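**Student:** Structure for the following, please:
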Amino acid sequence: MIREMATKTLAKQLGLIRKSSITSANCENSHRPALKQIFDYLIVLDFESTCWKDNKQHYSQEIIEFPAVLLNTSNGEIESEFQFYVQPQEHPFLSEFCTELTGIKQDQVDKGLPLKICLSQFSKWIEKLQQQNQFMFISTVTNDSAPGSKLCTFVTWSGLDDSRNTAHLAWRMICDGCVMKITKSLDKLSRNRLNSVLNYLAAL
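**Tutor:** Numbers count the residues shown, from 1 in each chain. Now for the predicted structure:
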């Protein structure tokens, strides 16, 4: 929660929050990347999940909003958006605290998609973007990584508005000379942990 509030506060201070759904992160300035970027595109993921005021440790959190935006790192444009509300299964009724914190209402998750279907739709969205933009994903970057190919990676956070704001923040960082790099890879996940995640998703 602190991280989300900090992101919104910083975005407001930098004047990066926009009212339009798809816009340019630099539409009011002429910034360009200060350094050549490794990745041509960033997909910013920003989940919202179930939560409780008393921070119940025995309650597992479930995704209730699955948003993502595609940021072009050469010009700061948000070129595509993906968003669905997701039906929580273990605790289908949102707490009052969760509604107040996230702004997500009960009827929105009631009309949402099961997580498996949402993941399927997300996969189709990714495939469509790859066909349109001809980029590829890699888990590590080396000097000879896919020469001449367009590269894409994921940036994670949490909510569609926050995804847009995070994309704008990423663009500001790029303009200020930051080069985006991979900080965590699924390749480094232990096999047991990775299997646990896959088994959990398959059981939903």
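
**Student:** residue boundaries of the strands in this protein?
**Tutor:** With DSSP state E as the definition, the chain shows strands at residue ranges 41-46, 48-49, 63-72, 78-85, 135-137, 150-157.

**Student:** Distance to H168 and mean neighbour count added to these, as JSON lines?
**Tutor:** Any C-beta I mention is one placed from the backbone N, CA and C, and that applies to glycine too. Formatted as JSON lines, those follow (distance: least, CB to CB, whole Å; neighbours: other CB atoms under 10 Å):
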{"stretch": "strand 41-46", "distance to H168": "10", "mean neighbour count": "23"}
{"stretch": "strand 48-49", "distance to H168": "19", "mean neighbour count": "20"}
{"stretch": "strand 63-72", "distance to H168": "9", "mean neighbour count": "23"}
{"stretch": "strand 78-85", "distance to H168": "8", "mean neighbour count": "19"}
{"stretch": "strand 135-137", "distance to H168": "21", "mean neighbour count": "15"}
{"stretch": "strand 150-157", "distance to H168": "12", "mean neighbour count": "17"}
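
**Student:** Comparing those, which yields the minimum mean pLDDT?
**Tutor:** Across the strands of the chain, strand 150-157 has the smallest mean pLDDT, namely a mean of 85.

**Student:** what is V69 paired to in the beta sheet?
**Tutor:** Note on V69: beta-bridge partners V44, E81, judged by DSSP bridges.

**Student:** Tell me where this structure is predicted with low confidence.
**Tutor:** Along the chain, the parts satisfying pLDDT under 70 run over 1-31, 55-58, 141-147, 157-162, 183-204.

**Student:** picking up where we left off before, now distance to G103 too, for the strands of the chain, in a markdown table please.
**Tutor:** Rendered in a markdown table, the data for the strands of the chain read as follows (distance: least, CB to CB, whole Å):
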| stretch | distance to G103 |
| --- | --- |
| strand 41-46 | 13 |
| strand 48-49 | 9 |
| strand 63-72 | 9 |
| strand 78-85 | 12 |
| strand 135-137 | 31 |
| strand 150-157 | 16 |
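
**Student:** Which among those is found nearest to K111?
**Tutor:** Closest approach to K111 among those is made by strand 78-85 (6.9 Å; CB to CB).

**Student:** relative orientation of that closest one and strand 41-46 in degrees?
**Tutor:** 30 degrees (axes from the mean of the first three to the mean of the last three CA atoms, to 10 degrees).

**Student:** outside of strand 78-85, which residues touch it?
**Tutor:** Residues external to strand 78-85 that are found in contact with it (CB atoms under 8 Å, 6 or more residues apart in numbering): 21-25, 64-72, 104, 108-109, 111-113, 118, 121-122, 125, 129, 133, 160, 163-164, 167.
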